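A.B. asks: Got a sequence here, can you build the structure:
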Amino acid sequence: MPEKFKEEFPNPVIIIDATELRIQTPSSLIRQSQSYSSHKSTNTLKCLIGVDPKGGILFVSQLYTGCISDKEIVKRSGFLDILKDKVA
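C.D. replies: Got it, this is the predicted structure:
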């Protein structure tokens, strides 16, 4: 982990990131508009990935179309429900 991250977060359990994967432009105009990412200016699919501090993969969500927000992926992926179950 970068030193700055270690200073700010000395004991992380999981680090999450919404990752975009570039895809071939779909032939369907509806699919094109659903998968278009204005952030990347191309068609993408996105997923939420959670890793432990050493880089081990702990969580991978299903893929979502590129127009979805990171916040919405966290909600829909079930990640927060898993956290609630572990904390309770």
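
A.B. asks: starting at the chain centroid, how far to the top strand by length along the chain?
C.D. replies: Secondary structure of the chain per DSSP state E: the longest strand is strand 42-51. Relative to its chain's centre, strand 42-51 lies at 5 Å (Cα atoms, centre = their mean, to the nearest Å).

A.B. asks: neighbouring contacts of it?
C.D. replies: 14-26, 32, 35-37, 57-66, 68, 70, 73-74, 77, 79 (Cβ atoms under 8 Å, 6 or more residues apart in numbering). Bear in mind the C-beta positions are built from the backbone N, C-alpha and C, glycine included.

A.B. asks: what do you get if the cut-off is 6 Å, keeping everything else the same?
C.D. replies: Residues outside strand 42-51 that contact it (Cβ atoms under 6 Å, 6 or more residues apart in numbering): 14-23, 25, 35-37, 57-61, 63-64, 66, 73, 77, 79.

A.B. asks: Helices along the chain, start to end?
C.D. replies: Using DSSP state H, the helices of the chain run over 3-8, 29-35, 70-77, 79-87.

A.B. asks: For beta bridges, what are the partners of residue 22?
C.D. replies: Residue 22 has the following beta-bridge partners by DSSP bridges: residue 44.
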